[in-house]
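Enquirer: this is a predicted model, with the sequence first.
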Amino acid sequence: MTTGQELLQELTLEAEVTRKFLERVPFEKADFKPKEKSESLGRLAIHVAEIIAWWKECIENNSLNFIDFEPKDIKSNDELLAYFDTLLAEAKESLSKVEDETLKQEWSMKYGDEILFTLPKKQVLRVFCMNHLVHHRSQLGVYLRLLDIPVPASYGPSADDENVILANDYKQMESDLR
């Protein structure tokens with residue numbers, strides 16, 4: 001099994017959980033912020049979805065430049081989920097074909113002419129793409145909790161979905177990761 005195929009398995013599992021979080025985002029409360037310095041709920045949800053695009057960008061290119069980045073203007077939950085699903089399909093396609101040698105190549109994040117960092121693509125996928133996704137998904141869970149919206153289970157039951165993950169679900173996850 002290639003590294004890309006291993007990462008594809010992990011992304012598939014994380015994407016299932018992430019989609020459950022995105023399904024619950026109430027766009028009628030898109031301007032909600034827990035604190036003034038916080039990102040709005042709508043922007044955070046869009047960011048969680050758009051992180052999936054970085055997988056393909058990392059695999060198929062040698063850098064990503066944020067100088068002209070404009071977040072997608074999404075106004076509904078249906079638009080958000082369609083966006084996420086499209087980006088996920090593209091990421092999965094890239095991961096399914098990437099060769100291990102490609103993942104050893106250097107990749108840079110840029111802002112204009114400034115190079116923010118350069119790392120091997122495999123490390124970018126793990127830290128910048130996967131961990132970044134989980135981090136912001138967790139933030140989204142806090143927003144949902146503050147708005148009294150049931151928080152989906154992630155790596156075990158949440159207080160709202162106590163019976164969602166059963167022994168059979170863990171057995172299936174174990175099987176999926178093999």
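Expert: Nice, I can see it.

Enquirer: extract the C-alpha set from stretch 65-75 and format it as CSV.
Expert: The C-alpha trace of stretch 65-75 is given here as CSV (Å, rounded to 0.1, in the frame of the first residue of the first chain):
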residue,chain,number,x,y,z
ASN,A,65,0.1,31.3,-2.7
PHE,A,66,-2.5,32.9,-0.6
ILE,A,67,-1.9,36.5,-1.8
ASP,A,68,-5.1,36.6,-3.9
PHE,A,69,-7.1,34.1,-2.0
GLU,A,70,-10.8,34.9,-1.7
PRO,A,71,-13.0,32.5,0.3
LYS,A,72,-16.0,31.0,-1.5
ASP,A,73,-19.2,32.9,-0.8
ILE,A,74,-21.5,30.3,0.6
LYS,A,75,-24.9,31.2,2.0
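
Enquirer: now find how far off-centre it is within its chain.
Expert: 16 Å (Cα atoms, centre = their mean, to the nearest Å).

Enquirer: could I get the average pLDDT for it?
Expert: Over the span of stretch 65-75, the pLDDT mean works out to 91.

Enquirer: what do you get for stretch 88-105?
Expert: Taken as a whole, stretch 88-105 has an average pLDDT of 97.

Enquirer: can you show me the CA trace of it as PDB?
Expert: Provided in PDB are the C-alpha atoms of stretch 88-105 (Å, rounded to 0.1, in the frame of the first residue of the first chain):
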ATOM      1  CA  LEU A  88     -13.300  15.800  -1.100                       C
ATOM      2  CA  ALA A  89     -13.800  13.900  -4.400                       C
ATOM      3  CA  GLU A  90     -10.900  15.800  -5.900                       C
ATOM      4  CA  ALA A  91      -8.600  15.200  -2.900                       C
ATOM      5  CA  LYS A  92      -9.400  11.400  -2.900                       C
ATOM      6  CA  GLU A  93      -8.700  11.200  -6.600                       C
ATOM      7  CA  SER A  94      -5.300  12.900  -6.100                       C
ATOM      8  CA  LEU A  95      -4.400  10.700  -3.100                       C
ATOM      9  CA  SER A  96      -5.400   7.500  -4.900                       C
ATOM     10  CA  LYS A  97      -2.900   8.200  -7.700                       C
ATOM     11  CA  VAL A  98       0.000   9.900  -5.900                       C
ATOM     12  CA  GLU A  99       3.300   8.100  -5.900                       C
ATOM     13  CA  ASP A 100       5.500   7.900  -2.800                       C
ATOM     14  CA  GLU A 101       8.300   9.700  -4.600                       C
ATOM     15  CA  THR A 102       6.100  12.700  -5.200                       C
ATOM     16  CA  LEU A 103       5.400  12.900  -1.400                       C
ATOM     17  CA  LYS A 104       9.100  13.400  -0.800                       C
ATOM     18  CA  GLN A 105       9.200  16.500  -2.800                       C
END
